[in-house]
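A.B. asks: have a look at this prediction, sequence included:
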Amino acid sequence: MSTVFYNDHAEILAAQYLSKTFEEVHSSWLHHLLPLLTKNTLSILDVGAGSGRDVYYLAEKAQGKETQIIAVEPAVVLAKMGQVLTRDLPVRWIEDGLPQLQKVVGLAQQFDLILLSAVWMHLSSSERPLALVTLSRLLNSTGLLVISLRHGPSPDARVMHPVSADELLALAADCQLALKDSSQDETDKLGRTQVHWQTLVFTPKAVPNVTVPEANAIIQGRHHAD
């Protein structure tokens, strides 16, 4: 994804992003967030954090808890605005990007919540499989991965690729992610009539409990099959 447009138009874009609240933009999955906010310890990753609206909200809601919030933003001018907005909150900003998120992966940790808001359309179809593998490996066993899909034409020089829930669901199955919730035809909060959104919420598929004798039997069966 090119960051040139975002850096060149950072002030205009930041004003747009901050004109809407977290609750307005993320109303379709807010009921899944509330149980997470009751945890005593909480780790959050916002990929494509922009000017910091979402991490600001999440950090404020998580105050008083043992919290780690990481904001990933490859557009450095937008990120600097976000750093100013969240300077009094426990948010760590990292310049990184999908599909590999090398710096984040290098932290060797997993997250209770990974948010990918208005990012997926910037990834080409060839980048998306690796991107979802990366995100799934960063998600802990009970975590939530929230991905919004933007449908509609790009209004400017930003490159946006077509997206579909079916494509994302197929990739998620390959990554052992289960669909927890999805929305349909969310109107654009900035009033763009040609743009609408979907939000999909994933969680890791449960691994079945296998006793030691059952595991040994499976292993022996594989040996015989070989």
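C.D. replies: Thanks, I have it. Keep in mind that what you see is a predicted model, and the values were worked out from it rather than measured.

A.B. asks: how about stretch 190-208: buried residues?
C.D. replies: Judged by neighbour count using 16 or more other Cβ atoms under 10 Å, the buried positions of stretch 190-208 are 195, 197-204. Where C-beta positions appear, they are placed from N, C-alpha and C, glycine not excepted.

A.B. asks: likewise stretch 55-65?
C.D. replies: 55-59, 61-62.

A.B. asks: and for stretch 75-87, what's in contact with it?
C.D. replies: 3, 6-7, 10-11, 13-14, 49-53, 55-56, 59, 71, 73, 91, 93, 95 (Cβ atoms under 8 Å, 6 or more residues apart in numbering).

A.B. asks: pLDDT on it, on average?
C.D. replies: Averaged over stretch 75-87, pLDDT sits at 94.

A.B. asks: output that stretch as PDB, restricted to C-alpha atoms.
C.D. replies: Presented in PDB, the C-alpha positions along stretch 75-87 are these (Å, rounded to 0.1, in the frame of the first residue of the first chain):
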ATOM      1  CA  ALA A  75       1.900   6.900   6.900                       C
ATOM      2  CA  VAL A  76       4.300   8.800   9.200                       C
ATOM      3  CA  VAL A  77       2.500  12.100   9.000                       C
ATOM      4  CA  LEU A  78      -0.800  10.600  10.100                       C
ATOM      5  CA  ALA A  79       1.000   8.600  12.800                       C
ATOM      6  CA  LYS A  80       2.600  11.800  14.200                       C
ATOM      7  CA  MET A  81      -0.900  13.300  14.600                       C
ATOM      8  CA  GLY A  82      -2.000  10.100  16.300                       C
ATOM      9  CA  GLN A  83       0.900  10.200  18.700                       C
ATOM     10  CA  VAL A  84      -0.100  13.800  19.700                       C
ATOM     11  CA  LEU A  85      -3.700  12.700  20.200                       C
ATOM     12  CA  THR A  86      -2.700   9.800  22.400                       C
ATOM     13  CA  ARG A  87       0.300  11.200  24.100                       C
END
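
A.B. asks: return the subset of the buried residues of stretch 190-208 lying in helices.
C.D. replies: Judged by DSSP state H, these include no members of helices.

A.B. asks: least confident of the residues you listed?
C.D. replies: Among the buried residues of stretch 190-208, pLDDT bottoms out at Val195, giving 87.

A.B. asks: now Asp166: phi and psi?
C.D. replies: Note on Asp166: backbone dihedrals following degrees, to the nearest 10 are phi -60, psi -40.

A.B. asks: now do the contacts for it.
C.D. replies: Per Cβ under 8 Å, 6+ apart, neighbours of Asp166: none.

A.B. asks: for stretch 26-44, give me every contacting residue.
C.D. replies: Under Cβ under 8 Å, 6+ apart, the answer for stretch 26-44 is 23, 54-55, 58, 61-62, 65-70, 109-115, 117, 140, 144, 146, 180-181, 183, 186, 199, 201.

A.B. asks: ends of stretch 70-77, what's the gap?
C.D. replies: When the termini of stretch 70-77 are compared using Cα to Cα, to the nearest Å, they are 17 Å apart.

A.B. asks: now do the buried residues in the helix or strand hosting Gly82.
C.D. replies: Secondary structure from DSSP states H and E places Gly82 in helix 76-85. Of the residues in helix 76-85, 77-83, 85 count as buried by neighbour count, 16+ other Cβ under 10 Å.
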